[in-house]
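> pasting the structure only:
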């Protein structure tokens with residue numbers, strides 16, 4: 001989910017605080033077991049259905065495949081570069097040089113720019129560690145201010161059209177706004193009927209930060225469902241010609257809340273900047 005302020009919904013997209021428009025539904029491309037051919041097939045199917053927003057990350061290992069699928073679509077005339085919105089994210093190991101990181105991402109995807117570049121987590125780790133598990137010695141001192149200044153440089157250099165954060169609490173965004181020259185356009189977070197994030201959504205709305213399937217759209221945010229099944233990719237896109245009833249919303253509002261992606265791996269009592277999961281999320285859990 002992408003959290004924040006919908007500044008005007010037109011044709012299935014919303015305006016960010018940069019003036020750019022973000023499609024309200026996009027395809028998530030995290031690839032755990034999928035090979036390159038499966039990712040390319042899913043992205044191609046999504047383009048044919050009508051998806052125009054594609055979400056990847058350095059951590060997802062899908063940038064190469066996404067780039068191949070998009071460039072093939074550009075060359076065939078199915079879509080142009082201006083038709084699609086591409087998001088990627090800074091790895092936890094790359095806080096020292098976001099400019100180099102985004103340049104690598106652009107090379108992976110064969111693109112001149114991305115539409116949105118996010119800090120993936122408020123965590124800094126050593127570059128040489130494996131994906132998991134994170135050990136005590138893997139944590140490095142975190143300086144979000146210097147990371148954000150480099151993110152701003154990425155935007156000023158034209159490498160990205162907008163910058164933002166991911167997995168940031170309201171407090172972490174508030175701290176960032178105290179020194180940001182360019183405020184974050186987006187906070188991408190987990191959000192669904194069982195983790196509704198009302199406090200964060202209200203905060204992002206107040207500060208014009210964009211934070212969706214049908215329920216999500218009706219909350220004023222945009223969704224990034226992930227699927228490599230062509231049928232489900234198609235079904236997930238068919239959400240704009242109907243709406244939930246007041247009774248539906250009432251029932252959903254009463255669901256027990258439980259966060260799935262807690263970030264326990266980023267917590268310890270010694271070297272992590274966060275000693276507990278509650279501290280990582282500033283009590284918003």
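Structure received. Being a predicted model, the structure only gives us computed values, none of them experimental.

> and residue 180, its phi and psi?
Note on residue 180: backbone dihedrals following degrees, to the nearest 10 are phi -70, psi 130.

> quick one: contacts for it?
Contacts here follow CB atoms under 8 Å, 6 or more residues apart in numbering; on that basis residue 180 touches 148, 152. The C-beta positions use only the backbone N, C-alpha and C, and glycine is treated the same way.

> give me the pLDDT for it.
The per-residue pLDDT reported for residue 180 equals 96.

> same deal with residue 90?
96.

> residue 177 contacts residue 183, doesn't it?
Yes. With contacts defined as CB atoms under 8 Å, residue 177 counts as touching residue 183 at a distance of 6.0 Å.

> show me which of those two is the more surrounded one.
residue 183 (16 against 12; other CB atoms under 10 Å).

> that one against residue 18, yeah?
No. With contact defined as CB under 8 Å, residue 183 does not count as touching residue 18 (9.5 Å).

> where do the helices sit along the chain?
36-49, 63-76, 98-109, 144-156, 170-177, 198-206, 213-218, 230-237, 246-253, 277-280 (DSSP state H).

> weakest of those by average pLDDT?
Among the helices of the chain, helix 213-218 carries the lowest mean pLDDT (a mean of 38).

> I'd like the distance between residue 61 and residue 181.
32 Å (CB to CB, to the nearest Å).

> count the neighbours of residue 71 for me.
Neighbours around residue 71, by other CB under 10 Å: 14.

> how close does the nearest residue to it once chain neighbours are set aside get to residue 118?
Closest residue to residue 71 apart from its sequence neighbours, by CB to CB, 6 or more residues apart in numbering: residue 110 at 5.1 Å. Separation of residue 110 from residue 118 (CB to CB): 20 Å.

> next one: residue 75
Taking CB to CB, one finds residue 75 at 28 Å from residue 118.

> looking at it, residue 88 is touching residue 64, isn't it?
No. Using CB under 8 Å, residue 88 is not in contact with residue 64; the gap is 11.8 Å.
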